[in-house]
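*Asks:* Return atomic coordinates for the entry below.
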Amino acid sequence: HPWRVTYTHLSANMRRGRAAYFALVASTCQLSAGTHQLDTLVEPHCKDSIRIRIAPSGVQVQQGLVGALTEDCPNAEAPARPTSPDAGNVTDGSVTNGQVSVVVTADSITISQASTGKVLLTGAPPKFTSASCGADFFGINLTLHGAPDRVFGLGQLESQEQDRDCSDSTQSVVSHRAAPEACGTPLDRRQMPGGVTVLQSVKYNIPTSFLYSSAGFGLFFNQPGAGSVVLPNASGMFDVAFSCQKQLDLWVSVGSAQEIYQSFGHATVLPNPLPDYAARYWQSKNAYKTATEVVELAQNFSRLNLSVGVIVIDLGLPSSPPYYRLDPARFPNVEAMSGAVFNLTGSQIMPNLKPTSVASSDCPACGAGFTTDGKADDGKIDPSIPACRDCVWSKRIKPYLFDQGVRTYWLDDDEAAVHFHPIGGQFSCGPTEYCGLWASGTEWPRLFTDGSAAEHFSPMILSRNLWAGATGALWSSDILCTWTELRAQVLAGLSSGLSGWQYWTSDVGGFSGTPSPELAARWHQFGSVCPLYRSHGSRPYNEPWSFGPEAEVSITKSIQLREALHGYIMELSANSSTTGAPMMRPLWWDFPNSPEAWKISDVFMFGPRYLAAPVLQEGARNRTLWLPLVQEGWSSYYTGQHYAGGSEITVDAPMTELPLFVRGRMP
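*Replies:* I've put the predicted structure just below:
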């Protein structure tokens, strides 16, 4: 398998110390028959990270395709080799950048830890096949092998409760020695049924193609469309397939979890720090139907001296165009309403918005729009058209909402193949299978972030769908009011943070149905130590005082806890905006050298200082948990009792208190 080095590319790029371009001839990679050439570009891309792009036979690697990766990452180290084609030492397709080394030959791709030479992953180059989505697209399959390990990330992956193989009587789900994943999607993606993760966004299941391995590496497939990842249990295999892409675009990073997540943030996007109000409690229900209701709600929070940062207006849109505004019949003066709410509570109004199209006469760049069956009509906008996004902002969002004091936006019904285009549909960027995840999960939120940035403002975006490269928060959709669902939310929140989405919340209390007073109280306790704390539900009453006197005491205590932690939460958010670290994270993040920490997923860290053990069983009035061993020990937040750590403890858990522990001694 001889090398054919393309020196016209080599000399132009390697003298800048950035990349190794090479072409390879291989008889093993075939689209039809015979020998063909794969065009390959391997280059450093952020600290300890390398980007690998491989195009099929007869196609050159393209730059500037849609995706989440930046085209340049300024903190990449210069590659150790090859140094210059003029030196005559370009003998293979090898690039080293800090802790990671990648070698691509005609027969293999090998990813290693640079300092030790330890092979982390190896496999054959990708196989390209014809794709049904168009002549310019290909199916891609890549199989890599490494040591058996744990794998985290790949998105917020849930199923509705009726699809879960668990029940409320399953006591073992809260034992750290059993698998709490019995009532949710496992943190370790190798434990998924069949090891399969489907990369297509639908309600409750919001995937991304970033993963972290406990073997010490992270992978991101910058492929913004439909695919799958297969990770067989007790195996080191990674089998990745995409149905409609133009080339393989793989980013790999080596180091500790903290180093990899920071590099991934720099390679895509780091979140903005939370606005002050967003770190507080959010009040929502389906629905506050008039401006009078909203203002009266704010008056009640003010009267009770309860902190609230956001008041959400669900189902506030008009029933007929123009959309992207609150119904003027029910909310006649949005500016006066938002001003009154702010003056009473310091909180912001957040309307629920859907990706409805605008009239083509108003925004010609948006075209006629489309419905979810792919037919042209005034149904949905195409957010992959920049001029369309700009027009919707300038002619709808800015005059009807932003200029009226609305600075926060709740994006609903926005999964790619469900509420935009089905598989087989067509965005401006290409087929849904090619770029649907990016169009719906990155560019749709971008309409609001870019528009606000033009007004020198950083908005708070909450969306039911995100993809890599989006700045916003995710929530877990219309979940049920059950204890089973509460248990599943712990896993969903942890997985979201490990997928690169630092801001996350659930519908506290559950959306469908009415929670019991005890379930409402326990869910609020969990919510108070999530990145965002937002109560929501489809019921006539969903306020802190709606579930009886004992629950009101407990929920009030949770809101007061959130307010007491406000400064700390702002510090966590600022740290996430520079490091990419999840605010809510499993114990192993902070205690990677403790084998016990890797077994636990029903207890978690809220930043480096607080350990939360939410009560997840109906009727429970105590909680058994394991505390990591730290020199300064742990203290109960509410009682002040001190524990050495390094052992299992059982503590009282009255209905009014979250088992919460502070690292060190209480002042």
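*Asks:* Run through the helices of this structure in chain order.
*Replies:* All helices of the chain, identified by DSSP state H, fall at 7-14, 257-267, 291-303, 334-345, 386-392, 398-400, 432-438, 444-454, 483-498, 517-527, 549-564, 566-579, 587-590.
*Asks:* Pull out the buried positions in the fifth one.
*Replies:* In other words, helix 386-392. If you call a residue buried by 16 or more other C-beta atoms under 10 Å, then helix 386-392 has these buried ones: 388, 389, 390, 391, 392. In this view, the C-beta of every residue, glycine as well, is placed from N, C-alpha and C.
*Asks:* ok, now the fourth one?
*Replies:* When burial is assessed from 16+ other C-beta under 10 Å, helix 334-345 yields the following buried residues: 334, 337, 338, 340, 341, 342, 344, 345.
*Asks:* What pLDDT does the model give the nearest residue to the fourth one once chain neighbours are set aside?
*Replies:* Nearest residue to residue 340, sequence neighbours excluded (C-beta to C-beta, 6 or more residues apart in numbering): residue 295, at 5.1 Å. Taken from the predicted model, the pLDDT recorded for residue 295 is 98.
*Asks:* Of the helices of the chain, flag the one that's most buried.
*Replies:* Highest mean neighbour count among the helices of the chain (mean count of other C-beta atoms under 10 Å): helix 432-438, with a mean of 28.
*Asks:* Quick one: list the elements packing against that helix.
*Replies:* Secondary-structure packing of helix 432-438 (3 or more C-beta pairs under 8 Å, 6 or more residues apart in numbering; DSSP states H and E): strand 237-245, strand 426-427.
*Asks:* what is the mean pLDDT for that helix?
*Replies:* Computed over helix 432-438, the average pLDDT equals 93.
*Asks:* Give me the residues contacting it.
*Replies:* Helix 432-438 has contacts (C-beta atoms under 8 Å, 6 or more residues apart in numbering) with 66-68, 131, 133-134, 137, 199-201, 207-208, 224-226, 243-246, 384, 416-417, 420-427, 429, 467, 469.
*Asks:* Quick one: distance of that helix to the chain centre.
*Replies:* 17 Å (C-alpha atoms, centre = their mean, to the nearest Å).
*Asks:* Start the count at 56 instead of 1 going forward.
*Replies:* Let's use 56 as the start, then, which means that last one is helix 487-493.
*Asks:* May I have that helix as PDB, with CA atoms only?
*Replies:* Provided in PDB are the C-alpha atoms of helix 487-493 (Å, rounded to 0.1, in the frame of the first residue of the first chain):
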ATOM      1  CA  THR A 487     -32.600  15.900   7.200                       C
ATOM      2  CA  GLU A 488     -30.400  12.800   7.500                       C
ATOM      3  CA  TYR A 489     -27.400  15.000   6.700                       C
ATOM      4  CA  CYS A 490     -27.900  18.200   8.800                       C
ATOM      5  CA  GLY A 491     -31.200  17.900  10.700                       C
ATOM      6  CA  LEU A 492     -29.600  17.700  14.200                       C
ATOM      7  CA  TRP A 493     -27.500  20.800  13.500                       C
END
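*Asks:* which residue ranges form the strands in the stretch 56-205 of the chain?
*Replies:* Per DSSP state E, counting those that start in this stretch, the stretch 56-205 of the chain has strands spanning 58-59, 75-81, 91-99, 104-110, 148-152, 155-159, 164-168, 174-178, 182-185, 193-200. These are given in chain order.
*Asks:* Repeat that for the stretch 356-505 of the chain.
*Replies:* Applying DSSP E, counting those that start in this stretch to the stretch 356-505 of the chain gives strands spanning 365-368, 403-408, 463-466, 481-482, 485-486.
*Asks:* Could you identify which of those has the lowest mean pLDDT?
*Replies:* Lowest mean pLDDT within the strands of the stretch 356-505 of the chain: strand 481-482, at a mean of 86.
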